[in-house]
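Undergrad: let's see this in three dimensions:
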Amino acid sequence: MSEYLFRGQSFENKQWVQGDLFHDKDCFGNITGSWIYEFSIGHGRQFQIEVDPETIGQSVDAADVNEKEIFNGDKVNFTVFDYEDNDTQYTGVVVFSDGHWQIWAAKDSPYYGSDGGFDLYWVLAQDDCFKIIGNIYE
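TA: Have a look, this model is predicted:
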């Protein structure tokens, strides 16, 4: 078992699956397929599901206000509070950059990533209403 949780969208039915990530490679090391192994408690076994490699995202090991697991590529709403009560609402995308999890401006923004981002764990610590509103693949 991997110590990291991944999510991807299946080719077969476009459903999101979570579990361990594995890649098939050819003799040159090129990835020829991406698979998530999802464990089914009811059946006591893992299911191998081929996923679109463009939709694969790693869990950040944290959850939003609704206890929904946060993954790379999730779109989120959050508030930044300051000392002068000038609270500001933001929408952004969770990305891994410069060695840590960040929230950047929305993917379709012309400023996407250009102005850096908010530290994800700092935002989670100060905003009790942090919420996932979708992801960049939908």
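Undergrad: now the helices for the protein?
TA: 120-126 (DSSP state H).
Undergrad: need the pLDDT of the most centrally placed residue in it.
TA: Among the residues of the chain, the one closest to the centroid is F71, at 1.8 Å (CA atoms, centre = their mean). What the model reports as pLDDT for F71 is 96.
Undergrad: name the nearest residue to it, ignoring sequence neighbours.
TA: Nearest non-adjacent residue to F71, counting by CB to CB, 6 or more residues apart in numbering: G57, 4.0 Å away. C-beta: built from backbone N, CA, C; applies to glycine.
Undergrad: cool, and D82?
TA: Here the residue nearest D82, using CB to CB, 6+ apart, is T88, at 7.8 Å.
Undergrad: over to D26?
TA: T32 (5.2 Å).
Undergrad: I103 too?
TA: Nearest to I103 is G92, by CB to CB, 6+ apart, at 3.9 Å.
Undergrad: the one you found touches T79, doesn't it?
TA: No: between G92 and T79 there is no contact under CB atoms under 8 Å: 11.7 Å.
Undergrad: higher neighbour count, the two?
TA: The neighbour comparison of G92 against T79 (other CB atoms under 10 Å) goes to G92, with 22 against 14.
Undergrad: before we move on, the earlier item: partners of the residue nearest to D82 in the sheet?
TA: V80 (DSSP bridges).
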